[in-house]
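Undergrad: Output the structure for:
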Amino acid sequence: MEKFLIDANIILGLLNKKDEHHEKCLKFFQEIDAKYKKGEKIQGIVPLHLAIEVNINIRKRKKNKTWDGIPPIEIIGPIFYPIDQIFLQRVQQEGLYGKFSTLKSADAIYAMISFLEKIPFITLDNDFNKVKDIIEVKIL
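TA: Prediction:
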C-alpha cells in the first residue's frame with residue numbers, strides 16, 4: 001500500500017477555492033483519485049493536530065472573507081496519527097530532535113512522522129527543502 005503524509009496547507013489549499021495553491025492541491029488529489037480508481041491502494045496520513053490546525057485556519061479565513069470551500073470529496077482514511085508517549089519515545093530513540101531542529105516545531109512533527117513511517121511528505125512549504133536529504137518531500 002502506498003502511503004503519504006499530508007501537511008495542513010495541502011488540505012486547506014484543496015478545500016478553499018480562494019487559496020492561491022488550490023489548483024495544485026486539487027490536481028494532487030485528482031491524481032490520487034485516479035490511482036485509487038485503477039485499484040491502487042493509497043492512504044493519506046495526518047498528525048492528529050491537523051484537525052485543530054485546519055479548523056482554526058478555516059475560521060480565520062471565513063472571518064477575513066478569504067474562504068470559499070469546495071463541496072465534500074470522498075477519499076480513503078485519513079489515518080489520524082497519534083502524537084503520544086510512544087511517538088515521543090520513538091523520536092528520542094531515533095535522535096529526531098537534532099535531525100529536524102532547522103524546522104519550526106509544528107513542521108518538525110510532520111518531518112518526524114515521515115521519517116519514522118518511511119513515507120513521503122506532501123506540502124506547499126518550501127522550508128522542507130532543508131530536510132529533503134533526510135525525508136522524501138514533495139512540494140506542490
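
Undergrad: chain center to the lowest-mean-pLDDT helix or strand in the chain: distance?
TA: Lowest on mean pLDDT, DSSP states H and E among the helices and strands of the chain sits strand 79-81, with a mean of 83. Centroid separation between strand 79-81 and its chain, computed with C-alpha atoms, centre = their mean, to the nearest Å, is 11 Å.

Undergrad: Let me know how buried the residue lying closest to Gly69 once chain neighbours are set aside is, in neighbour terms.
TA: Once flanking residues are discounted, Gly69 sits nearest to Leu15: 5.4 Å by C-beta to C-beta, 6 or more residues apart in numbering. C-beta here means a position set from N, CA and C on the backbone, and glycine is covered the same way. Per other C-beta atoms under 10 Å, the neighbour tally for Leu15 reads 22.

Undergrad: Pull the contacting residues for Leu15.
TA: Residues near Leu15 by C-beta atoms under 8 Å, 6 or more residues apart in numbering: 54, 58, 69-70.

Undergrad: This structure: helices as residue ranges?
TA: 8-15, 22-37, 50-63, 85-94, 96-99, 105-117 (DSSP state H).

Undergrad: Deepest-packed of these, please.
TA: Mean neighbours per residue, mean count of other C-beta atoms under 10 Å, is largest over the helices of the chain for helix 8-15, with a mean of 22.

Undergrad: tell me the average confidence for that one?
TA: Mean pLDDT, helix 8-15: 93.

Undergrad: circling back to that earlier point, quick one, which of the helices of the chain gets closest to Ile79.
TA: The minimum distance between Ile79 and the helices of the chain falls on helix 105-117, with 9.8 Å, by C-beta to C-beta.

Undergrad: name the helices or strands packed onto that closest one?
TA: Using 3 or more C-beta pairs under 8 Å, 6 or more residues apart in numbering; DSSP states H and E, the elements in contact with helix 105-117 are strand 2-6, strand 42-47, helix 85-94, helix 96-99, strand 121-123.
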